[in-house]
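Q: all I have is the shape, not the residue letters:
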């Protein structure tokens, strides 16, 4: 059945090959001035010839659920990924996740099943590499290049040993900067782009393909650690380098087939680090919602030691310590993440890392005290109170929105989501929140005076640029769920009727065919079997955890 047809006499109606290039975290506030000054010629050319606008990201603006939503066409409540880690049921602990925990079929699975040849490189949350009709190189949730799950086929890296020898999964820039090796951090950040594009070029040249999908993550890392001051030049250089890489891939694709459609997109945008998460624990305690326990001297030492190691040691040093003292590391991390909480008097809590609030719900949390009958009123009161938070010293409102998980997610995995997600006003770092007690004000000022390692954060709008014979020039906008149906339509693959998104309103000369519904209803059973584990060994999970902690995600 044809859903819609928009044909113009001068437009090729057959479906062309599609090249998708992800610029993780890319934002128009950086790209626009660079385009205007001629420093991003490839992006500018694609933009002028095609459509451009923004993609709205997922509620918590995190890359793990964002790329998972891009790759499936469904919201996190249906694919099950809300963060780079997830709660361990019945505990206050969390475990690192990968593609084994994604419950919805991927774009490359759907395209492969339709007979399309696929090349996928470096998409976050794609380990272990799933079998496709083509090639897949997994992203930053890969513990090591030496593991068989790094690529599909498994011998791909051996076939192209010279390319993969210098291939970087994740450059480790934060760890190098902590060790005082700033220039080396920048060099590796730039070198990683060449690794991703070189492998992609080789596969595009040597193999038949219908869809190539590659992600450059250096934009996001650069923005997190070089957003302001002299570091801004690093961000701009990364944008320029990714533009050069984009030009190489577009030229190759269109030399092979002039009718190739091209999409450049981001999972979210970039902005200054608001630091709101750093102040939530103090605010919750001041509100009488999160209670602090005295704790033993051993607990305090463990928590202080973990924080010191996290700030000062390199990633390799942390992993060496974790291998030698695994049990002690787990205990120290637990003390540091949720240190000093008296669960018997805590109704809602924050871990100080995420812009999210968790209710200490009875029956869900191991020491929950909030009953199901009291949950709605607590959440309603929390939403109202959080929405009214003002900055200490200035009185300016600092909350853009606060939403309950049921208001923004749907599907069988909503229970993995935090109870409340906060978006802050994105006009720079805050100096703490207004609180009632003098002790809390002193703690707020002390927290605000602490050194900031990451001066960049996320923005709800990522870039979108599309160009090709099946793209109508002009403005375009949508959200991340729209990416998979758009690409399937460009490939001439029936678009499953069960997806949350729809093809973006930028297509022309495309007959969009409706396919069968994806397995699992929007609120019912998962679309595919999901293992209760991630398949990581303890050491592999530790390696990924250290990487994600360095990047500020955990």
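A: Everything's here; your move. For clarity, every value in this text was computed on a predicted model and none was experimentally measured.

Q: thought residue 287 was touching residue 385?
A: Yes: at 6.6 Å, residue 287 counts as touching residue 385 under the criterion of Cβ atoms under 8 Å. For every residue, glycine as well, the C-beta is placed using N, CA and C.

Q: how many neighbours does the residue nearest to residue 16 when sequence neighbours are not counted have?
A: If the residues on either side of it in the chain are set aside, residue 16 comes closest to residue 259, at 4.0 Å by Cβ to Cβ, 6 or more residues apart in numbering. A count of neighbours around residue 259, defined by other Cβ atoms under 10 Å, yields 14.

Q: and residue 259, how far is that from residue 512?
A: According to Cβ to Cβ, to the nearest Å, residue 259 stands 18 Å off from residue 512.

Q: next: residue 206.
A: From residue 206 across to residue 512, the span is 32 Å (Cβ to Cβ).

Q: comparing those two, which residue is more hemmed in?
A: Higher neighbour count among residue 206 and residue 512: residue 512, with 21 against 11, using other Cβ under 10 Å.

Q: next, the more buried one: secondary structure please.
A: At residue 512 the chain is in strand, as set by DSSP: H, G, I helix; E, B strand; the rest coil.

Q: so residue 372, which of the three states?
A: Residue 372 is classified as coil under three-state DSSP.

Q: hmm, it is touching residue 363, no?
A: Yes: assessed by Cβ under 8 Å, residue 372 is found in contact with residue 363 at 7.3 Å.

Q: all strands for the stretch 451-554 of the chain, in order.
A: 456-459, 461-467, 474-479, 495-496, 510-515 (DSSP state E, counting those that start in this stretch).

Q: for residue 534, which of those strands is the nearest?
A: strand 456-459 (24.3 Å; Cβ to Cβ).

Q: list of residues touching the closest one?
A: Applying Cβ atoms under 8 Å, 6 or more residues apart in numbering, the contact partners of strand 456-459 are 25, 27, 29, 57, 61-62, 223-228, 268-274, 426.

Q: residue 166: what's it in contact with?
A: With Cβ under 8 Å, 6+ apart, residue 166 has these contacts: 191, 195.

Q: contacting residues for the most centrally placed residue in the chain?
A: Centroid check for the chain by Cα atoms, centre = their mean gives residue 63 as the closest residue, at 0.4 Å. Counting by Cβ under 8 Å, 6+ apart, residue 63 touches 24-25, 84, 124, 220, 267-268, 553.

Q: do that again at 7 Å, thanks
A: Residue 63 makes contact with 24, 124, 220, 267 under the criterion Cβ atoms under 7 Å, 6 or more residues apart in numbering.

Q: may I see the PyMOL selection of the buried members of those?
A: To isolate the buried members of these in PyMOL, using 16 or more other Cβ atoms under 10 Å:
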select buried, resi 24+124+220+267
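
Q: quick one: residue 201 from residue 118, how far?
A: Going from residue 201 to residue 118 by Cβ to Cβ gives 16 Å.

Q: more neighbours, these two?
A: Just comparing residue 201 and residue 118: by other Cβ under 10 Å the higher neighbour count belongs to residue 118, 23 against 18.

Q: contacting residues around the more buried one?
A: Residue 118 is in contact with 108, 111-112, 132-135, 209, 211, counting by Cβ under 7 Å, 6+ apart.

Q: now the residues you listed as CSV including distance to residue 379, neighbour count and pLDDT?
A: CSV is the format used below for the contacts of residue 118 (distance: Cβ to Cβ, whole Å; neighbours: other Cβ atoms under 10 Å; pLDDT from 0 to 100):
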residue, distance to residue 379, neighbour count, pLDDT
108, 38, 27, 96
111, 40, 25, 97
112, 42, 23, 97
132, 42, 21, 97
133, 46, 18, 97
134, 46, 22, 97
135, 46, 23, 98
209, 48, 22, 97
211, 42, 25, 98
